[in-house]
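Q: dropping the sequence and predicted coords here.
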Amino acid sequence: MKLTKELLYREAADAGIGEEQIQELWDRLAAATEGQQKFDALHVAYYFGGMIIIGAMSFFFSLAWERVGGVGILALALTYGCLFGALGPHLFHRRKLYVAGGLLTVVAVCMTPLAVYGLERAMGWWPQADPGSYHGYHVWVKGSWVVMELATLAAAGVALRFVRFPFLTAPLAFTLWYMSMDLAPLLFGRTAFQDAEQLWVSVVVGAVILVAAYLVDRRTRDDYAFWLYLFGLAAFWGGLSMMDSGGPWSRFGYCVINLLLIVLSTLLNRRAFAIFGSFGVAGYLSYLAFRLFKDSLFLPMALTVIGVGVIMATVAYQRNRDRMDAYLVNMMPIGLRRLLPANRD
């Protein structure tokens, strides 16, 4: 809901509230929301600039930079990190430029894996074998990236301590997602491992991230949990979906888990759970259609019916969302209701 001063005055006047009271209420709302973020064209420009810097120093870090060696990479990353690490908090706290300062702090955190890589490259310190160029960090699953990821988590934690900017949880959550894949080689003590082992690590780490996101969600008013939920779901649901089904009962269990994700989307008020869960349920229904109508002319019709059914179910839920959500919450015991993020401490 977008509240404007004109809307407040009009509706309050219709309710018989005096003009002085309306102005006092507006002043209190303005004071309470001072410093909160709103998404507009300026914010798009801010984020676009921040993403360009992050991309330049991470995703687009080419083999050409490897020529300067580990010491050169370390010096470059530290220079960028210190520059943005000093400028970001200054803009955030002193200038009250919350988005600009917060984004520059995020950029400083994103320099951490590059700096650690440069140090490891210079000293030859690797948890496992030499992982190759830094560009491979975003391509290959390798245990030697784990130290870079641990350092990034620590840097993000320190940054959040001094700069209360929810988007700082994005590099933290993104790194946890990477770690859910890179932990497998270290945990199993080898560079070559079965896909099933890696997928189980991804599922377990994803579940841990989701629990951490819930705990954060319970204790914060600003949305610090969004990115943790998103990347936790990516690790948990992605690992689960890529596993070998093992049989019809395993597939049915997968469908049940996805139905539970949809229920959790209501209880936690997080649409990401519904999106991932809906994809999983649709995938299971498509599997049933392929199994029942394999090599049949009815297969396209069955898949069409499933697609239309998903759309109609979504429309029905959208129209009755508040009533259905309230009914589901009211069915829960009072003790469990108190654990919902909506009833946070």
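A: Thanks, I have it.
Q: so where do the helices sit in the stretch 1-150 of the chain?
A: For the stretch 1-150 of the chain, the helices defined by DSSP state H, counting those that start in this stretch cover 5-14, 19-32, 41-57, 69-89, 98-110, 112-123, 146-162.
Q: which of those sits most buried?
A: Greatest average neighbour count among the helices of the stretch 1-150 of the chain goes to helix 98-110 (a mean of 24), per mean count of other Cβ atoms under 10 Å. Yep, even glycine has a C-beta here, placed from its N, CA and C like the rest.
Q: tell me the angle of that helix relative to helix 41-57?
A: Orientation check (axes from the mean of the first three to the mean of the last three Cα atoms, to 10 degrees): helix 98-110 against helix 41-57 gives 10 degrees.
Q: show me what helix 98-110 is packed up against.
A: helix 41-57, helix 69-89, helix 146-162, helix 169-187 (3 or more Cβ pairs under 8 Å, 6 or more residues apart in numbering; DSSP states H and E).
Q: now the angle between helix 169-187 and it, please.
A: Using the same axes, to 10 degrees, one finds that helix 98-110 and helix 169-187 are set 20 degrees apart in direction.
Q: figure out how far helix 98-110 is from the centre of its chain.
A: Its chain's C-alpha centre and that of helix 98-110 lie 17 Å apart, by Cα atoms, centre = their mean, to the nearest Å.
Q: OK, contacts around the residue most central in space within the chain?
A: The centroid of the chain falls nearest to W227 when counting by Cα atoms, centre = their mean (2.4 Å). Listed by Cβ atoms under 8 Å, 6 or more residues apart in numbering, the contact set of W227 reads 167, 169-170, 172-174.
Q: where is the longest helix in the protein?
A: Ranked by residue count and defined by DSSP state H, the top helix of the chain is helix 195-219.
Q: in the helix or strand just after it, what's buried?
A: The helix or strand immediately downstream of helix 195-219 is helix 226-242, counting by DSSP states H and E. Residues of helix 226-242 classed as buried: 226-241 (neighbour count, 16 or more other Cβ atoms under 10 Å).
Q: which one of those residues sits closest to G102?
A: Using Cβ to Cβ, W227 is the member of these that lies nearest G102, at 13.3 Å.
Q: against G277, how distant is that closest one?
A: In this structure, W227 and G277 are 19 Å apart, going by Cβ to Cβ, to the nearest Å.
Q: with L328 instead?
A: According to Cβ to Cβ, L328 stands 14 Å off from G277.
Q: what sits against L87?
A: Residues near L87 by Cβ under 8 Å, 6+ apart: 101, 104.
Q: save the contacts of W227 as JSON lines, and put in pLDDT too.
A: Shown next, in JSON lines, are those (pLDDT from 0 to 100):
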{"residue": "F167", "pLDDT": "89"}
{"residue": "T169", "pLDDT": "91"}
{"residue": "A170", "pLDDT": "90"}
{"residue": "L172", "pLDDT": "91"}
{"residue": "A173", "pLDDT": "90"}
{"residue": "F174", "pLDDT": "89"}
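Q: of these, grab the buried ones for PyMOL.
A: Selection of buried members from the contacts of W227 for PyMOL, criterion 16+ other Cβ under 10 Å:
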select buried, resi 167+169+170+172+173+174
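Q: look at L328 and G277 and report which has more neighbours.
A: In terms of neighbours (other Cβ atoms under 10 Å), G277 is the more surrounded of L328 and G277; the figures are 22 against 12.
Q: what's the helix or strand for that one?
A: Per DSSP H and E: G277 is located in helix 271-292.
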